[in-house]
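Colleague: dropping a prediction and its sequence here:
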Amino acid sequence: MEEPKPFKIAVSDDLLSFIDQRVSTARIPPGIDLPEKDAWSYGVPPATISQLKDYWVKKYDWRAVEARINGQLKMFTLPITEAGETMTIHFVHHKSDREGALPLLFQHGWPGNFLEVEKIIDSLTNPQEPGQQAFHVVAPSLPGFVFSEGPKGGDFWLKNMAAVDHKLMLALGYDKYVAQGGDWGSMICRIMGMEYPEHAVAVHVNALASGPPSWWRYPFHLIYLILWAVWQGKGKESNFGRMMWWREEELGYMEIQGTKPLTISYALGDSPIGMLAWLRDKIKHLIDDDSIFDEEELITWTMMYLINGTAGHARIYKNAKGKGLDMFYKDVLNRKLPSNVDFGASVFPYDVLNIPRWWASCTVSKNIVFWRDRDSGGHFAATEEPDALVEDIRDFAKVINPSRMASLVKSGKLKK
């Protein structure tokens, strides 16, 4: 096995010039006269995009952002072979100096990226209080995302992505580890717990979806689910209503990315403003009303999708359509974590993947050792509510089975 190679972001002047030129000459379509409450019902309002474009042209400094990321995050690459292909995988790896630190995999999803770890990594690796649990944090970019090479073949599913993450942790010397994720990362972490329970001994997520309880195994729970759904009603204010609202009104992106990822990528990869609008639209509807994504953060996240110029970010949604959807149900939604894997969940109210605990106990895990319903925050917990997520990860670690905890501590000592 090769050793990890230190990595620094170094976007070429030619690519940066191309992006800057495309931004400065981008055309903004005229808007539609709508009541304020419906301003986003046709997509991102032109005023919002015009403001972001103006900031990008006049104030945004990629080289300063690049230097900041390179200075704050220790990044590496490592070749990983999976499904007959060898891909160079990009990851952040911060080791803790604390005795008893636990290996922790942090996996992003879409439309996020590895930078989601930025606001929590220092607190996790070097807690302020001496007695607080510390972690060795590994935050990979998914295959095909940002600086990770994507597969060339078509049949590369969530299960394969989970295998890549698992092989990465083993290559770094972490035989036992905690897996934590949101969005697609939450699904991948659950697969890791199911496929590699002797290694991914504890799984914590901040997004949770599954199929309904089995009629013949959990008839009363299924009846309760039906009654609960009726009682919850429609609208974004209730848990079930928010999930249904997202499914019925906000899944257009999944349809196009899940059916024709290359087609949409020709447009998004060639139009920085198009990519910005594509991401901004989803972020708007996935976050707490009080959460703030400033212009620099939004543009930087957009850059993470522009730099590699591939369709990797879109093709992950093949997992939600056709053959991929069948495998998604088989590998994740209709499958339960084994009892020897400790499971925890943090529920942030503005997320759209939030089934309640009683449902999760039927379909996700019978060994739920930690569950916390938060009062604020949305889909991007590490960015919106970093302190809360760090607290939850630490509190989850406190209730991990003692023998599994001991194995995690031992694995942390074996770090390279």
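Modeller: Structure received.

Colleague: ok now do residue 83, which residues does it touch?
Modeller: Taking CB atoms under 8 Å, 6 or more residues apart in numbering as the contact definition, residue 83 lies against 151, 153, 155, 156, 160, 163. All C-beta spots, glycine's among them, are computed from the backbone N, C-alpha and C.

Colleague: try 10 Å
Modeller: Taking CB atoms under 10 Å, 6 or more residues apart in numbering, we find residue 83 in contact with 143, 151, 153, 155, 156, 157, 159, 160, 163, 164.

Colleague: name the nearest residue to the fifth one, ignoring sequence neighbours.
Modeller: Read it as residue 156. residue 83 (5.7 Å; CB to CB, 6 or more residues apart in numbering).

Colleague: of the contacts of residue 83, which belong to helices?
Modeller: By the criterion of DSSP state H, membership of the contacts of residue 83 in helices covers 159, 160, 163, 164.

Colleague: distance of the first one relative to residue 283?
Modeller: As for residue 159, its distance to residue 283 is 28 Å (criterion: CB to CB, to the nearest Å).

Colleague: kindly report the same for residue 106.
Modeller: Relative to residue 283, and taking CB to CB, residue 106 is found at 19 Å.

Colleague: of these two, which one has the most company?
Modeller: For the pair residue 106 and residue 283, the greater number of neighbours falls to residue 106 (28 against 21), based on other CB atoms under 10 Å.

Colleague: can you tell me which residues contact the nearest residue to residue 26 once chain neighbours are set aside?
Modeller: Counting by CB to CB, 6+ apart, residue 273 is the residue found nearest to residue 26 once chain neighbours are left out, at 3.9 Å. Residues in contact with residue 273 (CB under 10 Å, 6+ apart) are 22-28, 49-50, 52-53, 56, 302.

Colleague: most neighbours among these, which one?
Modeller: residue 302 (26 neighbours).

Colleague: ok, residue 413 touching residue 96?
Modeller: No. Using CB atoms under 10 Å, residue 413 makes no contact with residue 96, being 11.3 Å away.

Colleague: more crowded one of the two?
Modeller: Between residue 413 and residue 96, counting by other CB under 10 Å, residue 96 is the more crowded of the two (21 against 11).

Colleague: which helix or which strand is home to the nearest residue to residue 179 once chain neighbours are set aside?
Modeller: Take residue 179 and drop its neighbours on the chain: the residue closest to it by CB to CB, 6+ apart is residue 189, 3.8 Å away. The secondary structure element spanning residue 189 is helix 184-195 (assigned by DSSP states H and E).

Colleague: how close does the residue nearest to residue 156 sit to residue 154?
Modeller: For residue 83 relative to residue 154 (CB to CB), the value is 10 Å.

Colleague: over to residue 161?
Modeller: 14 Å.

Colleague: compare neighbour counts for these two and give me the winner.
Modeller: residue 161 (26 against 9).

Colleague: quick check: that one touching residue 184?
Modeller: Yes. In terms of CB under 10 Å, residue 161 counts as a neighbour of residue 184; the distance is 7.9 Å.

Colleague: just for this protein, where's the confidence low?
Modeller: Counting by pLDDT under 70, the chain contains low-confidence residues at 233-235, 414-416.
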